[in-house]
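**Q** model this:
(4 chains)
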Number of protein chains: 2
Amino acid sequence: MLDTVADRTTARKSSERKSSDERRDDIIRATLGLVARKGFAGVTLREVATEVGVVHGLIRHYFASRDDLVAAAFDFAVSSELESDRALLDGLDPLSALAGWLAATPENHYRVWIDAWSEAARTPPLAAALDRHHRDCERILTAVIERVVDAGLGASADPAADSRLLTAVADGVAVQHHAVGVIDVDEADAIVFGAAESQLGLEPGALARVNPVPARGQWAGDAAR
Amino acid sequence: MLDTVADRTTARKSSERKSSDERRDDIIRATLGLVARKGFAGVTLREVATEVGVVHGLIRHYFASRDDLVAAAFDFAVSSELESDRALLDGLDPLSALAGWLAATPENHYRVWIDAWSEAARTPPLAAALDRHHRDCERILTAVIERVVDAGLGASADPAADSRLLTAVADGVAVQHHAVGVIDVDEADAIVFGAAESQLGLEPGALARVNPVPARGQWAGDAAR
DNA sequence: TCCTTTGTTGTCCAACTGGATAACAACGCT
DNA sequence: AGCGTTGTTATCCAGTTGGACAACAAAGGA
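**A** Purely as a prediction, here's the structure:
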């Protein structure tokens, strides 16, 4: 009952051979779905491979290590989100852009961020990606603040510092809302908008009145839920 | 070269036999140190055992399962920290208490919290403990705010809401500081103090001038670093 | 056509995990 | 002193993980 080389060859039903980019994309999307469901620490090569429909060895053909895969997935999710956000914000008036950026983001997004904060301490490639993206976010928000100031709608002595402040507030509010559930979405927006109005000298309620707040883009992993 | 039963017996150098409570405490402290360094998912019975100086089998003599151990450690950390903080704050004047509560906490503490936020989404018992903990924190800070108001030092239309707001700011700042490293400890304190002063109508710099900011209690896991 | 490249599989491996269990040893009770 | 309780060790186990590797197969260029 030994099988010959020919037997094994015939038995091998290969999944379609895809182009490098296509397969790479499949793997990253599957990884993102897994991250959303089980966190960064819960991503295993075998599970990703199963979801893609290939053998776990193939993953290593595309990513040098598990950590690299996870970092690449995070990188992809965040940069695609940032890209669409940046494009969206550019088409809005300054106040709408500010409100749009600060408004509560979909739950999936923040779950990934929170997981990344936690896991980055132990996964250097993730830490690098996280750092890069936080600085990108700071830069985007700084630009938005400068647009508000240039339009004469508000004031800021140090747009970059105000950007860091508002990012901190938004992140803290997101944690309280998504991870802890102590505050609801309305209180979350109220806190962040209030902080921005107070810090930038806007008239109270200026941001809440921007209606409707433009929806932030959905990232790739959302479909995989 | 087979060793007899007697040989093995003599070779066995047992670590001192400790009382049940004492050993249990050792294990929990070691677990907390491990959680701080490697996250909840990174806690392994063998590593805990090594740190305590015993064999991994012994851990199961005290805790039914790995998950039970982790949950017990988190419960212990949270309740002991809150207890000591509450006692500490009671002995201070209102402004010092407020500054003490809002000042940046040791890195270890926030590491554990960030991990808990991340892990809670997948571990219901942890989510319950986290929820309890955050509500306790809200209650403590609300009481401190009320003391500030009663002393005529500041004003608050809704102390509980202000407590949630300041907690969100503190948590967000802690994330930016500990997990991302975008802001340093001085900027962190400046942001949180500024938010509190603005929200409660204190004179600017009132909290920063409280000197020295009373140190928050160290919890058990700190020693294990 | 031959040959190189590269997508893909199947299989092996060493490390590590949580858990179970038998034997041993210190302690307290009577 | 005898005896049960329990703190403690030393092993065994089955499962999972990330990684390495040889072999195969589909493309594509010359």
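
**Q** Would you mind listing where chain A has pLDDT under the threshold?
**A** For chain A, the stretches with pLDDT under 70 are A:1-15, A:211-225.

**Q** which residue packs closest to the closest residue to chain B within chain A, ignoring adjacent ones?
**A** Going by CB to the nearest CB, chain B is nearest to A:G172 of chain A, at 2.4 Å. Quick note: C-beta positions are derived from backbone N, CA and C, even for glycine. Leaving aside its chain neighbours, A:G172 sits nearest to B:G172 (2.4 Å; criterion: CB to CB, 6 or more residues apart in numbering or on different chains).

**Q** Is there a neighbour count for the one you found? I'd like the number.
**A** 28 (other CB atoms under 10 Å in any protein chain shown).

**Q** Contact partners for it?
**A** B:G172 makes contacts with A:T167, A:A168, A:V169, A:A170, A:D171, A:G172, A:V173, A:A174, A:V175, as judged by CB atoms under 8 Å, 6 or more residues apart in numbering or on different chains.

**Q** Buried only: go through those residues for me.
**A** A:T167, A:A168, A:V169, A:A170, A:D171, A:G172, A:V173, A:A174, A:V175 (16 or more other CB atoms under 10 Å in any protein chain shown).

**Q** need those residues in JSON lines with secondary structure, can you?
**A** JSON lines is the format used below for the buried ones among the contacts of B:G172 (DSSP: H, G, I helix; E, B strand; the rest coil):
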{"residue": "A:T167", "secondary structure": "helix"}
{"residue": "A:A168", "secondary structure": "helix"}
{"residue": "A:V169", "secondary structure": "helix"}
{"residue": "A:A170", "secondary structure": "helix"}
{"residue": "A:D171", "secondary structure": "helix"}
{"residue": "A:G172", "secondary structure": "helix"}
{"residue": "A:V173", "secondary structure": "helix"}
{"residue": "A:A174", "secondary structure": "helix"}
{"residue": "A:V175", "secondary structure": "helix"}
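
**Q** Which of the residues you listed sits closest to DNA strand D?
**A** Nearest to DNA strand D among the buried ones among the contacts of B:G172 is A:V175, at 27.0 Å by CB to the nearest atom of the strand.

**Q** A:D67 versus the residue nearest to the closest one when sequence neighbours are not counted, what's the distance?
**A** Among residues not flanking A:V175 along the chain, B:D171 sits closest, at 5.2 Å (CB to CB, 6+ apart). Noted for B:D171: a distance of 27 Å to A:D67, by CB to CB, to the nearest Å.

**Q** ok, which stretches of chain A are helices?
**A** For chain A, the helices defined by DSSP state H cover A:5-11, A:20-38, A:45-52, A:56-62, A:66-90, A:94-102, A:107-120, A:124-150, A:159-174, A:185-200.

**Q** Contacts only, for the closest residue to A:L141 other than its chain neighbours.
**A** Nearest residue to A:L141, sequence neighbours excluded (CB to CB, 6+ apart): A:S163, at 4.2 Å. Each residue near A:S163 by CB under 8 Å, 6+ apart is listed here: A:E138, A:R139, A:L141, A:T142, A:I145.

**Q** For the second one, which non-adjacent residue is closest in space?
**A** Right, the one you point to is A:R139. The nearest residue in space to A:R139 (CB to CB, 6+ apart) is A:S163, at 7.9 Å.

**Q** before we move on, back to that, can you tell me which of the contacts of A:S163 are buried?
**A** Applying 16+ other CB under 10 Å to the contacts of A:S163 flags A:E138, A:L141, A:T142, A:I145 as buried.

**Q** Identify the residues contacting the closest residue to A:D75 other than its chain neighbours.
**A** Using CB to CB, 6+ apart and skipping residues adjacent in sequence, the residue nearest A:D75 is A:A129, 4.8 Å away. Contact analysis of A:A129 by CB under 8 Å, 6+ apart lists A:A71, A:F74, A:D75, A:V78, A:A116.

**Q** go with 7 Å
**A** Contact partners of A:A129, counting by CB atoms under 7 Å, 6 or more residues apart in numbering or on different chains, are A:A71, A:F74, A:D75.

**Q** how near is it to DNA strand C?
**A** 23 Å (CB to the nearest atom of the strand, to the nearest Å).

**Q** ok, now A:A99?
**A** Distance from A:A99 to DNA strand C, by CB to the nearest atom of the strand: 44 Å.

**Q** Also A:H61?
**A** Distance of A:H61 to DNA strand C, computed by CB to the nearest atom of the strand: 4 Å.

**Q** what's around that residue, how many residues?
**A** A:H61: 13 surrounding residues under other CB under 10 Å.

**Q** Ok, A:T105 next?
**A** Counted with other CB under 10 Å, A:T105 comes out at 19.

**Q** now swap in A:S80 and tell me
**A** Using other CB under 10 Å, the number of residues around A:S80 comes to 15.

**Q** which residue is nearest the centroid of chain A?
**A** A:V78 (3.7 Å; CA atoms, centre = their mean).

**Q** so who does that residue touch?
**A** Counted by CB under 7 Å, 6+ apart, A:V78 has contacts A:H133.

**Q** Would you quantify the distance from the residue lying closest to A:T44 once chain neighbours are set aside to A:A49?
**A** Closest residue in space to A:T44, ignoring its immediate chain neighbours: A:R66 at 7.7 Å, by CB to CB, 6+ apart. Distance check for A:R66 against A:A49: by CB to CB, it reads 11 Å.

**Q** same check, this time on A:G57
**A** 8 Å.

**Q** Tell me, how many residues neighbour A:F193?
**A** Using other CB under 10 Å: A:F193 sits among 24 other residues.

**Q** A:D136 now?
**A** A:D136 is flanked by 15 other residues according to other CB under 10 Å.

**Q** before we move on, back to that, with DNA strand C as the reference, measure out to the residue nearest to A:G172.
**A** 32 Å.

**Q** Check the gap between that residue and A:G91 for me.
**A** Going from B:G172 to A:G91 by CB to CB gives 28 Å.

**Q** picking that back up, how much space between the residue nearest to the centre of chain A and A:T105?
**A** 12 Å.
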